[in-house]
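Chemist: Build me a model from this:
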Amino acid sequence: MQKLLEWFMYLLQRLDLTLPRVETTAEEIPATILKMLDLTVPEGLPSPDDEIVGRFSPKSIVMIMIDNFGLFEAVVYKPETMIKKMEALALLNTDDPYAIPLITTVLQGSQKTGFHLLSYVKRHGKFTRAICHKDDVGTFDFETEYTIPVHNDMNAYIESTKYIFRSELLYIHFLDFESLYAQYGHRTPPQTLLEKIVRRTDNWVKVLMRQARDDTLFVIIGNHGRTPIPLEYEGKLVEWRKANAPIAIMFQKRSE
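Modeler: As a prediction, the model looks like this:
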């Protein structure tokens, strides 16, 4: 496994990405976000990742969760905006890289504390919005006062353009791949659908970055999706994907 991860890093270097590689845990993400928003980290949460905190000085943060997107997809599909803008690549160590457990950990840290990242930030006076599919509201305990439920990724993107300039913490969840796979997978190779989703979402990130205020930090987190999906790769790609790791791609919009 370690050798395969090292091979991924070699591929990233071949893409001229001589950027910092950070190894952190999903449990550290909530405190890291709070620290960068200059908010007190409550007792019971794992400490923030000081290396990430030291690299950025944001006034607002946009968290974008993408299902079925990890280190493998970043290397193979090369989403142009994310790669071009990326300032740090964090490999997220986690016991369960699939969507529901990973997102739960990113939002709640240790599930025994009763903490919720967006609710906490909202209560401390920050303009907060969560834009997600309707099923996510109950699954991840979002509060209705800051949540905008949508039907699909296109609706999530449209709603996010309305709030990105105002929000101090904006959470967006894109998860259309599995529904499209269920609908079209028998006619279209799943890796073709996934590539289209990755490139489409990358284009949306490009627009959102233009619309964001200066000193907005983008934290794009990938997970393994809700359920395993058979992807028809061949050769070395099969082995590379076995080492796929959840990631956080980070970059800050800076004033010219």
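
Chemist: Flag the shaky bits of the stretch 1-150 of the chain, pLDDT-wise.
Modeler: For the stretch 1-150 of the chain, residues meeting the criterion pLDDT under 70 lie at 1-20, 111-112.

Chemist: now the strands for it?
Modeler: Ranges of strands in the stretch 1-150 of the chain, per DSSP state E, counting those that start in this stretch, are 21-25, 60-66, 88-93, 128-133, 147-150.

Chemist: Can you name the residues in contact with the longest one?
Modeler: By Cβ atoms under 8 Å, 6 or more residues apart in numbering, the surrounding residues in contact with strand 60-66 are 33, 36-37, 99, 103, 106, 164, 167-175, 198, 201, 205, 208, 212-213, 215-223. Bear in mind the C-beta positions are built from the backbone N, C-alpha and C, glycine included.

Chemist: Kindly report the same for the first one.
Modeler: Contacting residues not belonging to strand 21-25 are listed as 9, 32, 46, 49, 51-52, 88-94, 248 [Cβ under 8 Å, 6+ apart].

Chemist: at 7 Å instead, please
Modeler: Among residues not part of strand 21-25, those counted as contacts by Cβ atoms under 7 Å, 6 or more residues apart in numbering are Met9, Asp49, Glu51, Ile52, Ala88, Leu89, Ala90, Leu91, Leu92, Asn93, Thr94.

Chemist: next one: the shortest one
Modeler: With Cβ under 7 Å, 6+ apart as the contact definition, strand 147-150 has outside contacts at Arg129, Ala130, Ile131, Cys132, His133, Lys134, Val137, Ala156, Glu159.

Chemist: who wins for neighbours among those residues?
Modeler: For those, the largest number of neighbours (other Cβ atoms under 10 Å) sits with Ile131, at 27 neighbours.

Chemist: Tell me which residues touch that residue, please.
Modeler: By Cβ under 7 Å, 6+ apart, the neighbours of Ile131 are Ile148, Val150, Ala156, Glu159, Ser160, Tyr171, Ile172.

Chemist: Would you convert these into a markdown table that also reports secondary structure?
Modeler: Formatted as a markdown table, the contacts of Ile131 follow (DSSP: H, G, I helix; E, B strand; the rest coil):
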| residue | secondary structure |
| --- | --- |
| Ile148 | strand |
| Val150 | strand |
| Ala156 | helix |
| Glu159 | helix |
| Ser160 | helix |
| Tyr171 | strand |
| Ile172 | strand |
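
Chemist: which pair in those spans the largest distance?
Modeler: The span of those, defined through Cβ to Cβ, is set by Val150 and Tyr171 at 12.5 Å.

Chemist: quick one, which of those two is more surrounded?
Modeler: Tyr171 (29 against 19).

Chemist: Got phi/psi on the closest residue to Leu180 other than its chain neighbours?
Modeler: By the measure of Cβ to Cβ, 6 or more residues apart in numbering, the closest residue to Leu180 outside its immediate chain neighbours is Leu193, 5.4 Å from it. The phi and psi values for Leu193, taken as degrees, to the nearest 10, are phi -60, psi -40.

Chemist: Near Leu193, how many other residues are there?
Modeler: For Leu193, the neighbour count with other Cβ under 10 Å is 22.

Chemist: which other helices and strands contact the host helix or strand of Lys162?
Modeler: Assigned by DSSP states H and E, Lys162 falls within helix 153-163. Applying 3 or more Cβ pairs under 7 Å, 6 or more residues apart in numbering; DSSP states H and E, one finds that helix 153-163 contacts strand 128-133, strand 147-150, strand 169-174, helix 190-211.

Chemist: Now do it, average pLDDT.
Modeler: Across helix 153-163, pLDDT averages out at 97.

Chemist: Phe165 - that's part of a strand, no?
Modeler: No: judged by three-state DSSP, Phe165 forms no part of a strand; its state is coil.

Chemist: I'd like the distance between it and Thr147.
Modeler: Separation of Phe165 from Thr147 (Cβ to Cβ, to the nearest Å): 19 Å.
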